[in-house]
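Visitor: Pasted the sequence and its predicted model underneath.
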Amino acid sequence: MNVYPRVFLLSLVFLYSLPAQEIRVAASDLLSGYLVNPLTEYGADRSIEIDIDSIGSLPALDQLRANEIDLAVIAVPEGSELPGEEFIVHPFAYDVAVVVVNQNNPINEISLPQLGGIFGSDEEFNFNSWGDLGLSGWGSRNIKPLAGPAEASVTLELFKYSVFERGSMKSGVAVVDASEIEALLSSDAASIGILSGMPTNQNLKVLMVSSDSASPGFGPTSDNVHFGDYPIRLGFFIVYKQRDQARLKPVVRLLLGDVVANELESNQLMALPEMVRRKLLVDLDLEK
């Protein structure tokens, strides 16, 4: 018998008996559900087993340090330190709280201290009427604060973390279903609301927000959020070890690509600005 067919068959047996490549991912439970399908489809197309775990950000970092996972997608609150000395870190996405009023309300811009005075108890200020904020002709109109976070959203926690200095939410703030808040805001010119994403009702207006009374306000656009001008944001970051860079580069490219960006945007999260993602992808290709 010719030895070459036997060698060829043995080689095929050896090849197919090799374990599939495995990539272990842990993602913040605030967005992990939006990554499962893109990562699973990517792995299936390339015979890569991608294991995706949904856990908190601190446990994910602990698992990364212990070599129990290969890549983490973590949430890092504003003002917290990034683990840049230990790992390669890329910005990934943002969650924001959006402040909205009726289109007929003359206010266009508001500061964090003013929001604290409207929504918070035991803050520096206490605002109960629009006249308290200096709106001409609106002195007698009481402010009607509403909050309509999306299901499983951390919008309220993000808002309180970003806005309140010492207190908690006022008892007078009405927390309503996310499906109802836009209609309520549209029907009452004296109302102001906290939303998990941009409104769709044409009778509503998104306010620009400033960090303090001396700073300019910015709207929640992807550029303003990414560059830190819009102050009510929670950042998510891709984190992995330098030694795994070459092996994980295709997965990082997927996470920074259009498919995942569209999935995030359709679920009221904010992807990086397109030009920022493009630059990160170029830089990723140049890294060795």
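Guide: Right, received. Where do you want to start? Owing to the predicted nature of the structure, the values given are computational and were not obtained by experimental measurement.
Visitor: Using the three-state scheme, assign Thr27.
Guide: Quick fix: residue 27 reads Ala, not Thr. Assigned with DSSP: H, G, I helix; E, B strand; the rest coil, Ala27 falls in the strand class.
Visitor: residues of stretch 57-75 that come out buried?
Guide: For stretch 57-75, a neighbour-count test (16 or more other C-beta atoms under 10 Å) marks Ser57, Ala60, Leu61, Gln63, Leu64, Ile69, Asp70, Leu71, Ala72, Val73, Ile74, Ala75 as buried. Every C-beta, even on glycine, is put in place using the N, C-alpha and C of the backbone.
Visitor: Put together TSV for these, with secondary structure on each row.
Guide: Output for the buried residues of stretch 57-75, formatted as TSV (three-state DSSP):
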residue	secondary structure
Ser57	helix
Ala60	helix
Leu61	helix
Gln63	helix
Leu64	helix
Ile69	coil
Asp70	coil
Leu71	strand
Ala72	strand
Val73	strand
Ile74	strand
Ala75	strand
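Visitor: Which members of those residues are the farthest-apart pair?
Guide: Within the buried residues of stretch 57-75, Asp70 and Ala75 form the most distant pair, 18.8 Å apart (C-beta to C-beta).
Visitor: which residues touch stretch 238-246?
Guide: If you take C-beta atoms under 8 Å, 6 or more residues apart in numbering as the criterion, stretch 238-246 is touched by 60-61, 64, 70-74, 83, 87-92, 248, 252, 255-256, 287.
Visitor: rewinding a little: among the buried residues of stretch 57-75, which one lies nearest to His226?
Guide: Ala75 (15.3 Å).
Visitor: Just list whatever residues bridge to that closest one.
Guide: Here Ala75 sits in beta bridges with Phe236, going by DSSP bridges.
Visitor: quick one, what contacts it?
Guide: For Ala75, the contacting residues are Ser28, Leu30, Ser57, Asp95, Leu234, Gly235, Phe236, by C-beta under 8 Å, 6+ apart.
Visitor: I figured the fourth one hits Leu158, correct?
Guide: Pointing back at Asp95 there. Yes - between Asp95 and Leu158 there is a contact under C-beta atoms under 8 Å: 6.2 Å.
Visitor: any common contacting residues for these two?
Guide: Common neighbours of Asp95 and Leu158, using C-beta under 8 Å, 6+ apart, are Arg233, Leu234.
Visitor: Would you state the helices of the stretch 51-200 of the chain in chain order?
Guide: Using DSSP state H, counting those that start in this stretch, the helices of the stretch 51-200 of the chain run over residues 57-65, 112-119, 155-163, 181-187.
Visitor: Between those helices, which one is closest to Pro145.
Guide: helix 112-119 (5.3 Å).
Visitor: For Trp138, grab phi and psi.
Guide: phi -110, psi 20 (degrees, to the nearest 10).
Visitor: and stretch 58-74, average pLDDT?
Guide: When pLDDT is averaged over stretch 58-74, the result is 96.
Visitor: Just read off the phi/psi values of Met198.
Guide: phi -70, psi 140.
Visitor: Can you tell me the closest non-neighbouring residue to it?
Guide: Leaving aside its chain neighbours, Met198 sits nearest to Val98 (6.1 Å; criterion: C-beta to C-beta, 6 or more residues apart in numbering).
Visitor: Tell me the spacing between the one you found and Ser47.
Guide: As judged by C-beta to C-beta, to the nearest Å, Val98 and Ser47 stand 42 Å apart.
Visitor: next one: Ser196
Guide: Distance, Ser196 to Ser47, using C-beta to C-beta: 38 Å.
Visitor: So for these two, which sits in the more crowded spot?
Guide: Remark: of Ser196 and Ser47, Ser196 carries more neighbours, 25 against 8, as counted by other C-beta atoms under 10 Å.
Visitor: Can you tell me the closest non-neighbouring residue to the more buried one?
Guide: Going by C-beta to C-beta, 6+ apart, Ser196 has Ala150 as its nearest residue, at 3.9 Å.
Visitor: Near that neighbour, how many other residues are there?
Guide: Ala150 is flanked by 16 other residues according to other C-beta under 10 Å.
Visitor: Same question for Glu180.
Guide: Counted with other C-beta under 10 Å, the neighbours of Glu180 add up to 11.
Visitor: Right, I'll leave it there.
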